[in-house]
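[1] Quick one: sequence plus predicted model below, questions after.
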Amino acid sequence: MAYDSQAESLRLIRSGLPDRPVRLSRRRRFAPIAVDVDGDIAATRFLRRGVGCHWDETHLLAVDGRGTWRQLGGSASSSGEDLTADEFERARVGLAPHDVVVEGSSGALRDTRRPLPWGSRWVHAGEILVGSGITELRVADRRLPVPYHGHLIVVWGSRRPPTVTAHDEAGRAVTTAALPRAR
C-alpha cells in the first residue's frame, strides 16, 4: 500500500498537520510529520512503514509557471527496525528541554531546464528535532509550531541557510540553530 507522495504533500500544504496523531498500521502505512511553506516553495515530511523498517521521507516542492505545485525531489532515510509512531515520538526523550538538533538536510534543483546547475535556483530543507521545552521555531517571519513529537522541517530557497530561533511556551527565545550550508 504505497502512498502518492505528490497528492499527500499537496494535502499537507493545503490543510496542515492533522489535529491528532496518525498511527501507522498494516492499512495505514504513512503518516504526515511536518510541513513548511515559504511563498512558492515547500517541504513535507512523512514517516512511512516499510517491510521490516521505517522510512523518514522529505519531499521538496515549488510552484511552477502555471501556478501548480510540482514535486522537485527529496530524500529519505531508513532504520533497520520497524519504528512505531510511539517510538518516533520518544526520539526527543533524550534531549534537554531546549535542545535543537539538525537531523539531516536535502536539496533539489528548482529549474531543470538549465543545462548546468551553476547559477540555478535550489530548494533546500533541514530536518529538525527539538526538546520538550520548545513550542515554536521562528524562521525569518515564519512561525512553526512544534508538533507533539518534536520533529519539524524548514524550507529555504536562498543560497545561505536561514537561522532558526527556538522559543519556549512564554515566547522567549531560548536558542538558535544554524541549518546546514547549501552545497
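    Cool, got the structure.

[2] need the longest helix for this structure.
    For the chain, the helix with the greatest residue count under DSSP state H is helix 5-15.

[3] Report the distance from the next helix-or-strand element following that helix to the chain centre.
    Next along the chain after helix 5-15, taking DSSP states H and E as the criterion, comes strand 30-38. Distance, stretch centre to chain centre, for strand 30-38: 6 Å (C-alpha atoms, centre = their mean, to the nearest Å).

[4] returning to that earlier point: which elements pack onto the longest helix of the chain?
    strand 30-38, strand 41-49, strand 54-63, strand 69-79 (3 or more C-beta pairs under 8 Å, 6 or more residues apart in numbering; DSSP states H and E). Glycine gets a C-beta too; all of them are placed from N, C-alpha and C.

[5] Mind telling me which residue is nearest the centre of the chain?
    residue 153 (2.7 Å; C-alpha atoms, centre = their mean).

[6] mean confidence for the helix or strand where residue 175 lies?
    Per DSSP H and E: residue 175 is located in strand 173-178. Mean per-residue pLDDT for strand 173-178: 94.

[7] CA-only coordinates of it, as PDB, when you get a sec.
    In PDB, the C-alpha atoms belonging to strand 173-178 read as follows (Å, rounded to 0.1, in the frame of the first residue of the first chain):
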ATOM      1  CA  ALA A 173      13.900  32.900  22.500                       C
ATOM      2  CA  VAL A 174      15.900  30.100  24.200                       C
ATOM      3  CA  THR A 175      18.400  29.100  21.500                       C
ATOM      4  CA  THR A 176      19.300  29.500  17.900                       C
ATOM      5  CA  ALA A 177      20.500  26.900  15.400                       C
ATOM      6  CA  ALA A 178      22.300  27.000  12.100                       C
END
